[in-house]
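Asker: Just need the structure, nothing else, for what follows:
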Amino acid sequence: MMMMTSQYYRRGWKLRLLRPQLQVLQCVRCQFRIVECQLSCNQTTSSPTKSTFPATVPNGQLPTFVITVDDPQRVGDPIRGYTMYTVHTKTNSPLFAKSAFSVLRRYSDFLWLYETLSSNNPGVVVPPVPEKHPFGRFDTGFVQRRRAALEKCLRKIAAHPILQKDPDFTFFLESDSFALDVKHRKAEIAQEKGGVLASIGQSLAGPRFYETDEWFDKQKAYLDSLELQLRGLVKTIEQVSKQRAELSQAISEFAQTLAELGSSDDGLGQQLAHSLTGLAEVERKAEEIQKIQSAEDVRTVMSTADEYARLIHSVRLAFSSRIRVYHNMQSAEANVRKAKQMHEANRGQARNGTSQISSTLALVADAERRSLDAKTEFDQVSKLVKSEVARFERERIDDFKTSLEAFLDGMIRRQKEASSLVSPIRINTDWIMIFSAHFGMGNISANSAETREPKSTAGTGVEVVVGWSSCGYGGVIDL
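Answerer: Alright, predicted model coming up:
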């Protein structure tokens with residue numbers, strides 16, 4: 001009993017989280033410095049143009065959306081089960097039939113929306129949905145984190161000036177028979193674009209793309225570096241959160257040991273037993289604080305870092321869509337050359353009449369028009385990508401500032417709560433010796449306490465300043 005109690009005592013006494021906390025703050029501070037430098041470079045090296053204006057409400061203002069995702073429910077058998085979410089929408093947009101409505105959606109529906117919006121809007125950075133997780137997808141904590149991420153994704157889509165007008169976004173939010181309607185919609189998309197395999201084959205068989213704008217090469221290198229930093233930040237916060245959970249468990253065991261020792265009948269005396277019981281209660285509250293802080297680490301900074309690490313993939317998809325538009329432009333130019341060759345061949349043959357020549361001339365004019373449209377689309381998509389990257393940087397700064405403020409405010413508030421738990425406890429020096437003997441520590445030394453002379457003659461002995469657990473607070477025992 002004495003050896004086990006001593007182990008719990010030293011374990012709860014020596015664990016420290018100050019170093020991991022400083023690592024998190026340093027990582028976040030470095031992220032802000034990188035973001036500010038990069039944003040200033042973007043503003044000086046490029047002048048992105050605004051893209052299509054959003055639909056407006058009758059009074060001329062932009063439409064507003066209030067979207068919430070809640071009430072996750074598990075549906076289906078244990079093997080092929082999935083989670084359904086209720087999506088509530090309130091809006092004054094004229095594109096919707098109603099101003100308030102609710103629908104049921106599963107994760108694969110959100111994934112379809114993301115892929116479809118990315119395909120419908122080349123050059124636009126579409127807010128991503130959370131990644132797939134085949135294991136633990138029905139755990140309460142995971143479901144709640146996914147629900148919050150899906151809600152944030154829909155809100156960002158609704159706030160985007162281009163994506164909020166997309167017919168598929170409207171279809172996703174208000175269709176009551178989505179499971180059936182989405183099958184017809186997938187067939188329509190495949191027919192319009194010739195199927196996924198056809199588009200992939202065109203990209204592989206098309207001419208090789210050579211980048212002529214240095215800005216895109218610099219951005220690709222920057223995104224690679226940024227993704228590594230964000231993934232590293234997420235990993236660091238995961239480690240800190242795990243250490244907080246381990247610390248919470250250690251504090252729980254320490255508090256339980258103190259409570260058992262205080263309630264035991266080993267001749268400790270009523271006042272010392274009362275002091276140990278009070279200290280056990282303090283440690284239980286410290287355990288709750290550590291649990292809350294561990295959850296807040298994940299909810300604030302870690303969720304934001306993980307979101308933007310995934311959003312970098314969306315930026316890369318916008319870059320890839322620009323390359324697809326370039327291949328379409330090259331294909332249109334090739335069609336112009338073929339049409340002109342056919343026209344010249346017909347002109348060289350005397351037996352062909354004027355009607356045949358007029359027909360080939362019309363084909364040349366149509367091919368040139370399509371080529372000009374493709375060139376215009378490529379220029380517009382290039383400008384749109386630059387505008388979207390600038391938007392990405394601005395939102396990233398704002399989101400990181402908001403999450404970091406919430407993280408620091410919560411940490412300060414919980415540190416104050418921890419400090420308020422500590423109050424001076426007066427016990428007799430003989431009881432301290434008994435207390436030390438029970439823990440196998442002998443006399444209290446400088447390893448666990450600092451002894452100093454009393455500040456006044458009114459004291460009964462010396463003061464012992466003890467650092468309880470590792471929550472950043474200390475207690476004073478006036479002997």
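Asker: Can you tell me the element the most centrally placed residue in the chain falls in?
Answerer: Residue closest to the mean C-alpha point of the chain, counted by C-alpha atoms, centre = their mean, is residue 307 at 2.5 Å. Taking DSSP states H and E as the criterion, residue 307 maps to helix 303-348.
Asker: Quick one: mean pLDDT over the following helix or strand past that helix.
Answerer: Downstream of helix 303-348, the first helix or strand assigned by DSSP H and E is helix 354-420. Mean pLDDT, helix 354-420: 91.
Asker: before we move on, what about stretch 264-273?
Answerer: 72.
Asker: Quick one: end-to-end distance for that stretch.
Answerer: 8 Å (C-alpha to C-alpha, to the nearest Å).
Asker: Next, count neighbours for residue 331.
Answerer: Using other C-beta atoms under 10 Å, residue 331 has 16 other residues around it. For every residue, glycine as well, the C-beta is placed using N, CA and C.
Asker: distance of it from residue 321?
Answerer: According to C-beta to C-beta, to the nearest Å, residue 331 stands 15 Å off from residue 321.
Asker: likewise residue 120?
Answerer: 10 Å.
Asker: Kindly report the same for residue 258.
Answerer: Residue 258 is 62 Å from residue 321, by C-beta to C-beta.
Asker: Ok, residue 302 next?
Answerer: Residue 302 is 30 Å from residue 321, by C-beta to C-beta.
Asker: Looking at the two, which has the bigger crowd around it?
Answerer: residue 302 (23 against 19).
Asker: any idea of the pLDDT on the more buried one?
Answerer: Looking at residue 302, the pLDDT reads 90.
Asker: How about residue 78?
Answerer: The score at residue 78 is 75. That number is its pLDDT.
Asker: that's a helix at it, yeah?
Answerer: No: read with DSSP: H, G, I helix; E, B strand; the rest coil, residue 78 is coil and lies in no helix.
Asker: Can you get me a residue count around it?
Answerer: The tally of other residues near residue 78 (other C-beta under 10 Å) stands at 7.
Asker: next one: residue 296
Answerer: Residue 296: 20 neighbours (other C-beta under 10 Å).
Asker: Check residue 248 too.
Answerer: Residue 248, neighbours per other C-beta under 10 Å, totals 19.
Asker: check contacts around residue 363.
Answerer: Taking C-beta atoms under 8 Å, 6 or more residues apart in numbering, we find residue 363 in contact with 339, 342-343.
Asker: What subset of the residues you listed is buried?
Answerer: 339, 343 (16 or more other C-beta atoms under 10 Å).
Asker: Need the contacts of residue 363 in JSON lines (columns: pLDDT and distance to residue 187).
Answerer: Formatted as JSON lines, those follow (pLDDT from 0 to 100; distance: C-beta to C-beta, whole Å):
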{"residue": "339", "pLDDT": "90", "distance to residue 187": "32"}
{"residue": "342", "pLDDT": "87", "distance to residue 187": "35"}
{"residue": "343", "pLDDT": "83", "distance to residue 187": "38"}
